[in-house]
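Visitor: What shape does this take:
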Amino acid sequence: MDLGETYTADGSSTVLELEVGDDGILRDMLNFPDEVTSSPGGNCVNDATSLSVVTTAANSQEGLECESSSINEAKKSTEDVIGKAENKTRKKRRQIDVQEWECNKNKRLRALGQEYKGLGKENGKWQYIKKRKSRLLKESCRCYNSQRKSKILCTAITEHERKSIYSEFWRMTWEEKKYVKTLVDIKYVSRRKSTGEDSRRNNSLFCYLKPLGRSEKIRVCKKQFLNTLCLGEWTMLNWVKENLENTEDDEQNLDSSYSTKKLPKRQSNVKSREKDFLLKFFDKLPKLESHYCRASTSKIYFEPIWKSKQELYRFYVEECKVQDVSPLSTASFANIFLDKNYSLFTPKKDQCDICLGFKYNHISEDKYRVHLEKKNLAREEKSRDKEKEKWIFTMDLQSVLMCRLSKASKMYYKSKLVLHNFTIFNLKNSDGFCYLWHEGQGGMNSNEFATILSDFVMALPTEEGDSVIFYSDGCTYQNRNVIISNMFLYCSQVKKITIYQKFLEKGHTQMECDSMHSVIERKLRNTEVFLPADYASLIKSARINPRPYQVKYLKYDYLKDFSKRKCFKSIRPGYKAGDPHVTDLRCLRYSPDGLIHYKLSFNDPWCALENRKMDFDLTAGSALPQLYKQPLPIDKKKFNNLQALKTVMDAEYHSFYDNLPYK
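Guide: As a prediction, the model looks like this:
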């Protein structure tokens, strides 16, 4: 038969298609249950359950033929097999059923109390070879106490009730079985009656059973409790251990006869004085929160001064010698270190570009040394200001917030409304201030931030002659530009105060206001937000102590155009090429006399910025015009996406999204 021809087995109403494979063998297309094989002689071989058709290659161009006698033999044997092949479906390849794995089968059998196989080592390999017997209801106890007036009432439970409790218990999963820890009460020793050798027993366990249909628990002895549930003593004790850990007395032990690695540790021998010293030691170390990874980590990172925990421990031991305090062991040190959620290493996204470049030899040592000096000078300056100044703040913009905020799968593919949260943190009393607006009410220009900071400074209860200091990063449109400077100069003249702007070194701009962002983002985890105004209430409730954050939800008519109030046309210190740029500024001072002074380094003297001044009186003239006359239109594509998202929110929120202007 030529390549591509088909042979029809009319007797079975089934088409038997034969084709030549790459290896030159003629194969069937019916997916027979048995494998097709060929005989060495090249003849077609058949048996009761399989069909083998073997061909030889006559000519690669003319095709391959099989003898007609072989086809006739194939027809006869096929008639017997086709009936079986019609009803047999091939199992899908690479189909994995995890539940059929031997380990999972044994887990299910064990959870049901049936016979299963445990792990054992055979020929150096771990295998499931150890047979474990099925669980059976054990005999009832013979408690003498239950036969007289006693609080232990084992005989109050009938054999039928014991069987019901046993059957119900072994129908549960392992997690569900742990409910038995609610049937065990822990009573700590209130007073000791024995006058002999001190006992190490700190508590007693009271066991109860609750028959089906009864509302009250019945106290029984431990043997009756374990025999009825057919439960091992150590299993019960380890489940009860979880109750111990959730109480204030979690460091107390169970009965001394039950002390193992799995049971709660004995009361710590760590003296309170040494432990308090370690906690104070940790509190004094410079630390910072992850600046860019707050959504994925809640750890508090120490500044990268120590390369390992062991190096930090050696530094702690030296401090103990100075203070004449006995150091704790490395184990106690490590446990407290982990309990406080500290870490020595910052995430890679938080690392400084210059520091990382120097690590991989892309930055010269001189440039790196200058960078470190700038970083240290900024930190030292901030530390001095925190100690002596009355009004000192840090400010920064939180990473963008989205509305609607939800875990619905539809949200991943649609554009959402963007919100901005500008935060200011008072370093003296830890007050936090949040200014919140969405993209339909304002943009991300200097005028928005100038309006917020002007409103904030004018509301401060300062006195004449006070100094107000703001620390921030060097973001130009947000903090370091002529519009912000003219605004601060205006506030300084009106309130008769001196205002300072100080900029931290790039890559090391972690500030106290970042803690606000961290607290807010933790509050928003697993929370659905449908409207921008909902963020205001959530942010207020994000912190309770010492005081909730003060939140102001902004609209377009709140924002003012500060570009109309100019006294300085630029704050760049120089004019020509090679002169310092705006990004080189480290400090700016705004005086009530209408002057601006600057520093290029925290160690430099103040220099007047006179060559940029214009002949304009900031305090004269009318009020500033509004920045926007109406809400800002959003992109039409985003508007359509927001409309599509209405299907996953209640109808009461739809009107807000319907009324958003777009272009």
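
Visitor: shaky segments in the stretch 351-500 of the chain?
Guide: Within the stretch 351-500 of the chain, the stretches with pLDDT under 70 are 407-413.

Visitor: Run through the strands of it in chain order.
Guide: Assigned by DSSP state E, counting those that start in this stretch, the strands in the stretch 351-500 of the chain fall at 391-397, 401-403, 417-426, 432-438, 467-472, 498-503.

Visitor: The third one to strand 432-438, inter-axis angle?
Guide: This points to strand 417-426. Angular relation of strand 417-426 and strand 432-438 on a 0 to 180 degree scale: 160 degrees, by axes from the mean of the first three to the mean of the last three C-alpha atoms, to 10 degrees.

Visitor: what's the single longest helix in this structure?
Guide: helix 365-388 (DSSP state H).

Visitor: Setting aside sequence neighbours, what's the nearest residue to S446?
Guide: Distances taken as C-beta to C-beta, 6 or more residues apart in numbering place I483 nearest to S446, at 4.0 Å, with adjacent residues excluded. Where C-beta positions appear, they are placed from N, C-alpha and C, glycine not excepted.

Visitor: Of all the strands of the stretch 351-500 of the chain, which one is nearest M649?
Guide: Nearest of these to M649, taken as C-beta to C-beta: strand 401-403 at 10.5 Å.

Visitor: Now do the same contact list for the residue nearest to S446.
Guide: Residues counted as contacts of I483 (C-beta atoms under 8 Å, 6 or more residues apart in numbering) are 446-447, 450, 562-563.

Visitor: From those residues, pick the one nearest C475.
Guide: S446 (10.4 Å).

Visitor: how near is that closest one to L588?
Guide: 15 Å (C-beta to C-beta, to the nearest Å).

Visitor: What residue, apart from its backbone neighbours, is nearest R110 spatially?
Guide: Using C-beta to C-beta, 6+ apart, the nearest residue to R110 is Y116, at 4.9 Å.

Visitor: Would you mind listing where this structure has pLDDT under the threshold?
Guide: Those would be 1-96, 144-149, 192-200, 242-271, 287-297, 303-305, 345-350, 407-413, 617-622, if you go by pLDDT under 70 across the chain.

Visitor: Next up, phi/psi of the residue nearest to R110, please.
Guide: When read as degrees, to the nearest 10, the backbone of Y116 gives phi -150, psi 180.

Visitor: cool, and the one 10 residues further on?
Guide: According to degrees, to the nearest 10, the main-chain angles of W126 amount to phi -80, psi 130.

Visitor: Would you agree it is in contact with G120?
Guide: Yes - counting by C-beta atoms under 8 Å, G120 is a contact partner of W126 at 7.3 Å.

Visitor: neighbour count winner among the two?
Guide: Neighbours per residue, other C-beta atoms under 10 Å: of W126 and G120, the larger number sits with G120, 12 against 9.

Visitor: List the contacts of that one.
Guide: 126-130.

Visitor: same check, this time on W239
Guide: So W239 contacts 178, 180-181 (C-beta under 8 Å, 6+ apart).

Visitor: next one: H420
Guide: H420 neighbours (C-beta under 8 Å, 6+ apart): 397-398, 400-401, 436-439, 442, 444.

Visitor: any chance of those in a markdown table, plus distance to W239 and neighbour count?
Guide: Formatted as a markdown table, the contacts of H420 follow (distance: C-beta to C-beta, whole Å; neighbours: other C-beta atoms under 10 Å):
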| residue | distance to W239 | neighbour count |
| --- | --- | --- |
| L397 | 49 | 19 |
| Q398 | 44 | 21 |
| V400 | 46 | 12 |
| L401 | 43 | 22 |
| L436 | 47 | 21 |
| W437 | 52 | 23 |
| H438 | 50 | 24 |
| E439 | 53 | 21 |
| G442 | 57 | 23 |
| M444 | 55 | 15 |
